[in-house]
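Enquirer: Give me a model of this one.
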Amino acid sequence: MTDGLGLFDNSRGHDQDDHDDYDDEPRRSRRKKRRSPTFWVIAVVVVALIAGGVWLGVTQVLGIGGFDDYDGAGESDIVVEVKPGQGTAGIGGTLEEKGVVASPRAFTSAGDDNPKVKAIQPGFYLMKTKMSGKAAVDRMTSKDARVGQLQIKPGTQLDDIKLPENKVAPGIFTLISNAGTVTMNGKKTGPTVEDLRKVAETTDLTQLGVPSWAVPFAAQAEPKRRLEGLITAGVYDVQPGMGAQELLTKVLKDAATMLDGWGMPKLAEKTGYTPYQLLIMGSLIQREGIEKDFGKISRVTYRRLADNIKLQYDSTINYVLDAPVVTTNSSARNTPGPYNSYLNFGLPPTPISAASKDALLAAAKPEDGPWVFFVKCYKDGTSCFAVTDAEHNQNIRDARARGAY
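Expert: From the prediction side, this is the model:
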């Protein structure tokens with residue numbers, strides 16, 4: 001049917017439909033899609049970028065071609081971290097990322113003939129922005145470039161200790177403050193001892209990174225002593241310029257990882273004591289003798305605790321004094337306090353120092369023996385052990401005769 005205007009030309013429509021029904025697939029197969037010019041432009045750009053990246057990588061690895069480099073010794077101070085496992089090329093990449101050098105090859109090429117470059121250790125380095133590759137190598141391999149190194153020696157306690165001749169043994173807070181402070185562009189940046197102490201006394205222990213097995217016990221301690229012993233002896237890397245809480249948390253978490261590596265808290269299993277009590281015992285052993293005697297001192301500690309004998313360790317008396325002495329006097333021993341092991345039975349409420357791994361292991365596994373007493377009896381710190389009071393008194397007389405103390 002047709003309306004004369006072609007609007008209802010059914011016959012044509014029918015023919016077309018028929019044609020579509022029987023000839024649709026062949027027509028599609030003959031039709032070729034044509035890519036737009038935009039597609040080809042994008043494709044060329046992508047291929048060029050990939051090829052350029054591959055070429056750049058090859059030139060960086062093989063040292064082909066030139067590279068960008070700055071002139072001079074640099075501009076502004078900046079702290080850069082070298083991470084464990086980073087080689088020279090990786091360090092160069094980090095320096096470029098931080099704006100220290102213009103390209104990784106500026107650093108690697110300048111360090112090709114410098115054996116010190118391969119000896120660069122993980123840690124933090126005080127550098128400058130926009131340094132030449134040679135200046136960056138010279139700076140990074142210099143003695144004073146490394147910053148943020150923190151070493152806690154066994155037996156160190158949180159607060160400073162006064163020594164004879166007006167000397168001071170820095171405590172852990174002072175050591176952390178020193179390691180966490182750096183002078184950048186003429187301005188000293190880092191937390192003070194007071195900043196750290198305030199955080200230590202007021203911040204939630206779990207938030208600070210204290211191990212869960214220690215939190216309930218440390219929470220009951222005097223605020224100023226609740227972190228005692230939880231920052232273990234060892235070497236730490238801290239980023240200078242961090243805030244007090246961020247810095248203290250970093251150190252405590254690293255210490256917790258260290259304790260975990262030493263076997264805590266399982267180390268306390270089969271000892272009859274909690275992991276926190278074991279840490280206290282480790283700190284006592286650390287402060288009472290030298291390493292070769294740790295096992296015997298541990299045995300004496302176990303025996304006196306088991307037999308309900310007061311420990312009578314001078315280290316516990318000294319702990320609350322700001323100027324410790326080898327042999328405490330009767331006045332100090334008769335001064336009441338939770339750390340006075342001459343007046344109190346059992347262990348003190350917290351560790352009294354940072355224990356070493358050897359001291360902690362000795363606390364977990366005391367040496368076999370019948371000893372109940374010991375005293376420092378040689379000038380090198382060696383102790384003499386005794387079973388009876390008479391033997392102990394003789395050891396004391398011999399020690400004094402040798403000038404041991």
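
Enquirer: Tell me the helices and strands packed up against the helix or strand hosting Ala136.
Expert: Here Ala136 sits within helix 133-140, counting by DSSP states H and E. Counting contacts by 3 or more Cβ pairs under 8 Å, 6 or more residues apart in numbering; DSSP states H and E, the secondary-structure elements packed against helix 133-140 are helix 104-110, strand 123-128. (Glycine included, C-beta is placed from N, CA and C.)

Enquirer: quick one: which of these is nearest Gln277?
Expert: Judged by Cβ to Cβ, the one of the helices and strands packed on helix 133-140 that comes nearest to Gln277 is strand 123-128, at 34.8 Å.

Enquirer: Strand partners (parallel or antiparallel) of the closest one?
Expert: Strand partners for strand 123-128, identified by DSSP bridges, are recorded as strand 77-82 (antiparallel), strand 146-147 (antiparallel).

Enquirer: Redo these as CSV? Include mean pLDDT.
Expert: Formatted as CSV, the entries for those read as follows, by pLDDT from 0 to 100:
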stretch, mean pLDDT
strand 77-82, 96
strand 146-147, 96
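
Enquirer: Which of the ones you listed sits closest to Thr382?
Expert: Of all the strands paired with strand 123-128, the one in closest proximity to Thr382, counting by Cβ to Cβ, is strand 146-147 (36.3 Å).

Enquirer: who touches the closest one?
Expert: For strand 146-147, the surrounding residues in contact (Cβ atoms under 8 Å, 6 or more residues apart in numbering) are 79, 121, 123-126, 179, 182, 240.

Enquirer: Stretch 83-90 now?
Expert: Contacts made with stretch 83-90 from outside it, assessed by Cβ under 8 Å, 6+ apart, are listed as 60-61, 94, 104, 107-108, 111, 117-118, 120, 122.

Enquirer: Quick check: which of the helices and strands packed on helix 133-140 is nearest to Gly261?
Expert: Checking those against Gly261 by Cβ to Cβ gives strand 123-128 as the closest, at 19.3 Å.

Enquirer: any idea of the mean pLDDT for the closest one?
Expert: Taken as a whole, strand 123-128 carries a mean pLDDT of 97.

Enquirer: List the residues that contact the residue nearest the centre of the chain.
Expert: For the chain, the residue nearest the mean C-alpha position is Asp254 (3.8 Å; Cα atoms, centre = their mean). Counting by Cβ under 8 Å, 6+ apart, Asp254 makes contact with 234, 236.

Enquirer: Flag the shaky bits of the stretch 301-405 of the chain, pLDDT-wise.
Expert: By pLDDT under 70, the stretch 301-405 of the chain has no low-scoring segment.

Enquirer: all helices of it, in order?
Expert: For the stretch 301-405 of the chain, applying DSSP state H, counting those that start in this stretch gives helices covering 314-319, 330-333, 357-364, 389-402.

Enquirer: picking up where we left off before, just the strands paired with strand 123-128: most buried one?
Expert: Mean neighbour counts were compared across those using mean count of other Cβ atoms under 10 Å; the top stretch is strand 146-147, at a mean of 20.

Enquirer: Assign Gly85 to helix, strand or coil.
Expert: Judged by DSSP: H, G, I helix; E, B strand; the rest coil, the three-state class of Gly85 is coil.

Enquirer: Burial check on it, number of neighbours?
Expert: Taking other Cβ atoms under 10 Å as the neighbour definition, Gly85 ends up with a count of 7.

Enquirer: repeat for the one 5 residues further on
Expert: Neighbour count for Gly90, taken as other Cβ under 10 Å: 14.

Enquirer: Look up phi and psi at it.
Expert: For Gly90, the backbone dihedrals (degrees, to the nearest 10) come out as phi -60, psi -40.

Enquirer: rewinding a little: need the helices of the stretch 301-405 of the chain in CSV with distance to Glu222, can you?
Expert: Below are the helices of the stretch 301-405 of the chain laid out as CSV (distance: least, Cβ to Cβ, whole Å):
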stretch, distance to Glu222
helix 314-319, 12
helix 330-333, 19
helix 357-364, 23
helix 389-402, 33
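
Enquirer: Reformat those as JSON lines; add mean neighbour count and distance to Gly66.
Expert: Listed next are these as JSON lines, based on neighbours: other Cβ atoms under 10 Å; distance: least, Cβ to Cβ, whole Å:
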{"stretch": "helix 314-319", "mean neighbour count": "23", "distance to Gly66": "64"}
{"stretch": "helix 330-333", "mean neighbour count": "12", "distance to Gly66": "73"}
{"stretch": "helix 357-364", "mean neighbour count": "23", "distance to Gly66": "51"}
{"stretch": "helix 389-402", "mean neighbour count": "14", "distance to Gly66": "72"}
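
Enquirer: now for the ones you listed, which one comes closest to Phe373?
Expert: Distances from Phe373 to each of the helices of the stretch 301-405 of the chain were compared by Cβ to Cβ, and the smallest falls on helix 389-402, at 3.7 Å.

Enquirer: Which secondary structure elements does that closest one sit against?
Expert: Secondary-structure packing of helix 389-402 (3+ Cβ pairs under 8 Å, 6+ apart): strand 373-376, strand 383-386.

Enquirer: I'd like those strands written out as a markdown table, with distance to Pro154 and mean neighbour count added.
Expert: Supplementary listing: those in a markdown table, determined by distance: least, Cβ to Cβ, whole Å; neighbours: other Cβ atoms under 10 Å:
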| stretch | distance to Pro154 | mean neighbour count |
| --- | --- | --- |
| strand 373-376 | 17 | 21 |
| strand 383-386 | 16 | 21 |
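
Enquirer: Output those as a markdown table; include the columns distance to Ser315.
Expert: A markdown table is the format used below for the helices and strands packed on helix 389-402 (distance: least, Cβ to Cβ, whole Å):
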| stretch | distance to Ser315 |
| --- | --- |
| strand 373-376 | 11 |
| strand 383-386 | 12 |
